[in-house]
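In: Sequence first, then the predicted structure:
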Amino acid sequence: VTPSTTTDKSVSWQTVGTYSDCISVDETGLVTAIKCTMGNYARVSATNSAGQSAYIDILVPVLYVSSIETGENKISLMPGQVKEIPITIYPDNATFKDWSVESTNPNVASVAKSYKNNSVYVTALSVGETTIVISTTDGSGVSASISVSVIPIPATGIEIETPETTQLKVGQTLRLSATVTPDDATDKSVIWSSENSSIATVDPYGVVTAVSVGEVNITAMNSSGQTASIMINVVPTLAESLTINNTGVNMHVGEEHQFVAWIEPSTTTNKNLKWTSSNPNIVKIDNNGKATAIELGEAVIEVATTDGSNLTATCPVWVNPVPVEQVIIDYDGVTTLKVGDQIQLNATILPENATDKRVEWVSQTPSSITVDQNGLVTAVGLVEQAWIGAFSPASPYGDNPPADYKFDVIYFSVVKTLVERIEI
């Protein structure tokens, strides 16, 4: 303040001009830089008691951000979870304290900036890794990062839904379903297993197939190793129908016949059958359905299931005589006899297993040549030609069968007995 001899040398200080808010000045003239959006000159004026003023322009430089501090630098979240992380900018009087934020893998986690709370909100989306990067916008190049691991939501429970029935017949299938909790578990896969696959099997989709009679536990396991089980009861499949392959069979003594029976359904558990004959003295049958004719007569063959279904099927069997097909007279070739000669004839009945092998002998001219019922022929009188015949009384052709089929004859001649010598 001039002159130096001025009585009142008091001075009032103030900031003036466009950037007056960038600095402050106290009553002693001490200037303090506050903050400017960019490096600018701020004006300070001094006014004496006479109202005279002087001023000075002071350059206020930008104060850059030196560091960014985050509440956490490494976090783990599960899908759907949200985490708020506070952000602090240093120094507190930095010229520009604004900042930006981004996620390096937004498919794993997204990030949002909160101006009100000066924080970021991280939202986990899917399992994986990402980094949240916070960067200054003042040109200082200062940044900070937060490592984010999005981990699976673990399964905490599993339950098998109760089906309408837990009883199956051999060959039947049943689809089981299992519910994994919580609903938002990342891995809701289920592994199915059978306690005894010889009784029932289960595929990766929970389809149970009954294999044999018995009880078996089917187990479902979640990705955390927790399990649930259900008991499956496999019961026999009973026969529903039984059919025999014949409606009636004619046999001869000594013949065999193989019976066949069919059981439905094909998945019947116990297919064992029991074969019986109503008269085993006439027809006997073995455990495999093979029948043998023993003697003439009639019997009924029955086949029955043994699985408790109590099904039967029957077939009548008639054992008939084996008919004679041919009669053949055996002789030594002599057909000329003298009165008083005898010759033994034999007859063969074919087939060898013919039921009735009786033979009856007959002479065309009993006054000349006779035959008894044993086939012994005797010449008793002269005859130029006469036959001796053998026939089967069992012949179905009655009293006059075809000669080449059921009847055989030999023609003989009976001649005189000549004097061979006279002795005196």
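Out: Alright, I've got the coordinates.
In: only C-alpha atoms for contact and neighbour calcs from this point on.
Out: Noted.
In: List the residues that contact residue 46.
Out: 11-14, 53-55 (C-alpha atoms under 8 Å, 6 or more residues apart in numbering).
In: That should have said residue 218, apologies.
Out: Residue 218 makes contact with 192-195, 202, 229-232 under the criterion C-alpha under 8 Å, 6+ apart.
In: let's see it at 10 Å
Out: Contacts here follow C-alpha atoms under 10 Å, 6 or more residues apart in numbering; on that basis residue 218 touches 160, 176, 192-197, 200-202, 206, 208, 228-232.
In: Quick check: ChimeraX command selecting the buried ones in these.
Out: Here is the ChimeraX command that selects only those of these that count as buried (16 or more other C-alpha atoms under 10 Å):
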select :160,176,192,193,194,195,197,200,201,202,206,208,228,229,230,232
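In: returning to what we had before: between the contacts of residue 46, which has the most around it?
Out: Per-residue neighbour counts (other C-alpha atoms under 10 Å) across those peak at residue 13, which has 21 neighbours.
In: Which residues does the strand or helix carrying that residue contact?
Out: Secondary structure from DSSP states H and E places residue 13 in strand 11-16. Strand 11-16 has contacts (C-alpha under 10 Å, 6+ apart) with 1, 20-31, 42-57.
In: partners of that strand, with directions?
Out: Strand 11-16 has its sheet partners listed here by DSSP bridges as strand 40-48 (antiparallel).
In: what's the neighbour count on the closest residue to residue 67 other than its chain neighbours?
Out: The spatially closest residue to residue 67, leaving aside those adjacent along the chain, is residue 90, at 5.2 Å (C-alpha to C-alpha, 6 or more residues apart in numbering). As a burial measure, residue 90 scores 13 neighbours (other C-alpha under 10 Å).
In: same check, this time on the one 5 residues further on
Out: Counted with other C-alpha under 10 Å, residues neighbouring residue 95 total 19.
In: Assign the nearest residue to it once chain neighbours are set aside to helix, strand or coil.
Out: Excluding the flanking residues, the one nearest residue 95 by C-alpha to C-alpha, 6+ apart is residue 63, at 4.8 Å. In three-state terms, and counting by DSSP: H, G, I helix; E, B strand; the rest coil, residue 63 is coil.
In: coming back round to it: of the contacts of strand 11-16, just the buried ones, PyMOL syntax please.
Out: In PyMOL, a selection of the buried entries from the contacts of strand 11-16 looks like this (16+ other C-alpha under 10 Å):
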select buried, resi 1+20+22+23+24+25+31+42+43+44+45+46+47+48
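In: From the contacts of strand 11-16, which land in strands?
Out: Among these, the members found in strands (DSSP state E) are 23-25, 31, 42-48, 53-57.
In: so which of the residues you listed comes closest to residue 5?
Out: For these, the residue nearest residue 5 by C-alpha to C-alpha is residue 48; the value is 13.8 Å.
In: hang on, isn't that closest one packed against residue 54?
Out: Yes - using C-alpha atoms under 10 Å as the test, residue 48 is close enough to residue 54 to be in contact (8.9 Å).
In: just how off-centre is the worst-scoring helix or strand of the chain on mean pLDDT within its chain?
Out: In the chain, the helix or strand scored least confidently by mean pLDDT, DSSP states H and E is strand 31-33, which has a mean of 80. Relative to its chain's centre, strand 31-33 lies at 86 Å (C-alpha atoms, centre = their mean, to the nearest Å).
In: Please apply the same query to stretch 102-112.
Out: Centre-to-centre, stretch 102-112 and its host chain are 45 Å apart (C-alpha atoms, centre = their mean).
In: where does this structure dip in pLDDT?
Out: Within the chain, the stretches with pLDDT under 70 are 35-40, 395-406, 418-420.
In: redo that, cut-off 80
Out: Along the chain, segments meeting pLDDT under 80 span 17-23, 33-41, 59-62, 95, 394-407, 417-424.
In: What is the neighbour count of residue 117?
Out: Residue 117 sits with 11 neighbouring residues when counted by other C-alpha under 10 Å.
In: Contact partners for it?
Out: The contact partners of residue 117, by C-alpha under 10 Å, 6+ apart, come to 84-87.
In: Repeat that for residue 113.
Out: Contact partners of residue 113, counting by C-alpha under 10 Å, 6+ apart, are 84-85, 87, 99-102, 119-122, 134.
In: now those: which count as buried?
Out: Burial by neighbour count, 16+ other C-alpha under 10 Å: within those this picks out 84-85, 87, 99, 101-102, 119-120, 122, 134.
In: hey, what's residue 297 bridged with?
Out: residue 319.
In: what sits against it?
Out: Per C-alpha under 10 Å, 6+ apart, neighbours of residue 297: 251-253, 279, 281-283, 317-321.
In: Equivalent analysis for residue 317, please.
Out: Taking C-alpha under 10 Å, 6+ apart, we find residue 317 in contact with 246-251, 277, 282-283, 291, 293, 297-301.
In: same question, residue 257
Out: Here residue 257 is in contact with 249-251, 285, 289-293 (criterion: C-alpha under 10 Å, 6+ apart).
In: Correct me if wrong: the residue nearest to residue 95 contacts residue 96.
Out: Yes - counting by C-alpha under 10 Å, residue 63 touches residue 96, with 7.6 Å between them.
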